[in-house]
Structures are given as C-alpha cells and as structure tokens.
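Enquirer: Need coordinates for the below:
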Amino acid sequence: DIHGQYGDLLRLFEYGGFPPESNYLFLGDYVDRGKQSLETICLLLAYKIKYPENFFLLRGNHECASINRIYGFYDECKRRFNVRLWKTFTECFNCLPVAALIDDKILCMHGGLSPDLTNLDQIRNLPRPTDVPDSGLLCDLLWSDPSRDVKGWGMNDRGVSYTFGADKVAEFLMQHDMDLVCRAHQVVEDGYEFFADRQLVTIFSAPNYCGEFDNAGTMMSVDESLMCSFQILKPADKKPRFL
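Expert: Below you'll find the model as predicted:
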C-alpha cells in the first residue's frame, strides 16, 4: 500500500533503485487517505507505460469507485482538477490485474485467499474491465485477511469477504506446489509480518501511515533463487510540535 504518500514512494525508489534499474511489483492501494494520490498514481502509471516489462501494478480494494469515492481520491480529483478525471481513473482501475505469480512459486495479491479459489485459471479468466463485486473470488482477492484466531474461514470485521487461518494457507500452497503468498491490505508495525510459519507475508509500504501510526514501510526484494529480503523504511521524523 502507498495510499497517496508520494514522498515515501520516492524514498522507496531511492532505496531500491529507480526503474528500470530494478523490477517492481506493487500490490495495490495507490490512492486515498494520503495527500498526493494524483502524483502517486500518475508516476506509477508513467513507469508502467515506459517500462512495461519491468514494472507491474496490481489492483487493491481502493482502486474501486465505491471506495475511493469516500476515502479521499474523488475529493482530491474534484478539488485539483475535475470529476471527469476521477471517472477516467475509475475506467483505468477497472482494467488492472488482481494477482501475480513469480516463478510459479510466489503468489501475490492485495488481500488474500478465497474459498472460491481452487484453480489459478479462475483468476486468469476473471473478466476485465470490471468493477469489484460485493462477494466472490475477485472481492476476496482484494479484501480477505489472514487471522491467527481462525481455523478455516471466518467472518471478517471489515464487513466484506472472509478471514482465513494458517491451515488454509498451508493447504493452498501444497495443492499448487507454491512456497509463499505475498499480500498487503493491513498496516503492520515493521512494514512486513509473517503468518502461517512464514508461508504468508504481509507487506505495507506507507510508513507513518496517515500520520497516525508509527509503523515502518517495507519493500520486499526477491533474488534469482527466490530468496526474500526486506528493506525497511522507518517513519520519517515527525515535524517538531511547538506547544
């Protein structure tokens, strides 16, 4: 997640190398909440156009009109340009892919697993452009969360989709001969957090999220042998407050 934190996005590129020096895969939630959603999404789309084979953007649950209408992106578009621009971005977001497979071993998406997911062709066959429905496979890929309190599938406090237990992660990876599920969608204190005996990792790349959390942001690097390492962006120093 970047969530309109444009300055932090630039710090990530400074750290990891500006494209095409490194290949990038982003896991969604580029807009809303932060102050510079437009700069953020425009830079990311420009890199996608310039380096299509080195730069990949997945869809997050905030790349959806009904969500970013409420959480800031619509208001930013309207204030700085016009509503037509927001509608154009909606058309773009409706075309974004929702999952990526790295070397047949690491499955990446914004949210998580789905009880409806039995075959990866189901993801390949999802129609695009499409809005995000209220339930089903596409919804779950963008909205579900792992939970330490659940075995199997559970209710999600978000009021959308499900939570899933470590057993479901292990079962899925074994069935598909994979090593890791990589997802975003939740603020985690260190910017990354493992689950299910390191079979799933949550990555969150917006440090000091919304100015309210004291979290770090993280970028995961994957080498040729699929060894994963983590680059941690500490929250930028807060401006001193004069009482």
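
Enquirer: Could you tell me how many residues sit around C182?
Expert: By the criterion of other C-beta atoms under 10 Å, C182 has 20 neighbours. Where C-beta positions appear, they are placed from N, C-alpha and C, glycine not excepted.

Enquirer: Over to it: give its phi and psi.
Expert: The phi/psi pair for C182 (degrees, to the nearest 10) reads phi -120, psi 120.

Enquirer: Could you give me the buried positions within stretch 12-24?
Expert: 12-13, 19, 24 (16 or more other C-beta atoms under 10 Å).

Enquirer: mind listing the helices in the chain by residue range?
Expert: Using DSSP state H, the helices of the chain run over residues 6-16, 37-50, 65-68, 73-80, 83-93, 121-124, 137-143, 166-176.

Enquirer: and which of the buried residues of stretch 12-24 is nearest to R158?
Expert: Nearest to R158 out of the buried residues of stretch 12-24 is L12 (C-beta to C-beta; 26.2 Å).

Enquirer: and that closest one, how far is that from D1?
Expert: Distance, L12 to D1, by C-beta to C-beta, to the nearest Å: 12 Å.

Enquirer: where do the contact lists of these two overlap?
Expert: Residues touching both L12 and D1 (C-beta atoms under 8 Å, 6 or more residues apart in numbering): S205.

Enquirer: picking that back up, with respect to D134, which of the buried residues of stretch 12-24 is nearest?
Expert: Nearest to D134 among the buried residues of stretch 12-24, with distances taken as C-beta to C-beta, is Y24, at 30.7 Å.

Enquirer: State the pLDDT value of that closest one.
Expert: Here the pLDDT value assigned to Y24 is 99.

Enquirer: same check, this time on L243
Expert: Value for L243, per-residue pLDDT: 51.

Enquirer: wait, what's in contact with R198?
Expert: L180.

Enquirer: swap in L120?
Expert: So L120 contacts 101, 107, 176 (C-beta under 8 Å, 6+ apart).

Enquirer: show me the contacts for the last one.
Expert: Residues counted as contacts of H176 (C-beta under 8 Å, 6+ apart) are 107, 120.

Enquirer: Tell me the spacing between it and L137.
Expert: Distance from H176 to L137, by C-beta to C-beta: 15 Å.

Enquirer: before we move on, what about the first one?
Expert: Taking C-beta to C-beta as the criterion, L101 is separated from L137 by 16 Å.

Enquirer: Those two: who's more crowded?
Expert: L137 (18 against 15).

Enquirer: separation between the more buried one and R80?
Expert: L137 is 35 Å from R80, by C-beta to C-beta.

Enquirer: go on, D104?
Expert: Counting by C-beta to C-beta - D104 and R80 are separated by 42 Å.

Enquirer: can you pull out the strands in the chain?
Expert: 24-26, 55-57, 99-102, 106-109, 145-146, 153-155, 162-164, 180-183, 192-195, 200-203, 217-222, 228-233 (DSSP state E).

Enquirer: Show me where this protein dips below the pLDDT cut-off.
Expert: Along the chain, segments meeting pLDDT under 70 span 237-243.

Enquirer: how about 80 then?
Expert: Low-confidence segments of the chain (pLDDT under 80): 236-243.

Enquirer: Farthest pair within the buried residues of stretch 12-24?
Expert: L12 and P19 (11.3 Å).

Enquirer: thinking again about what came up before, next, format the helices of the chain as CSV and append distance to R158.
Expert: Listed next are the helices of the chain as CSV, based on distance: least, C-beta to C-beta, whole Å:
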stretch, distance to R158
helix 6-16, 24
helix 37-50, 21
helix 65-68, 11
helix 73-80, 19
helix 83-93, 19
helix 121-124, 21
helix 137-143, 7
helix 166-176, 18
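
Enquirer: Tell me which of those helices lies nearest to L226.
Expert: Comparing the helices of the chain by C-beta to C-beta, helix 166-176 comes nearest, at 13.5 Å.

Enquirer: Right, I'll call it a day here.
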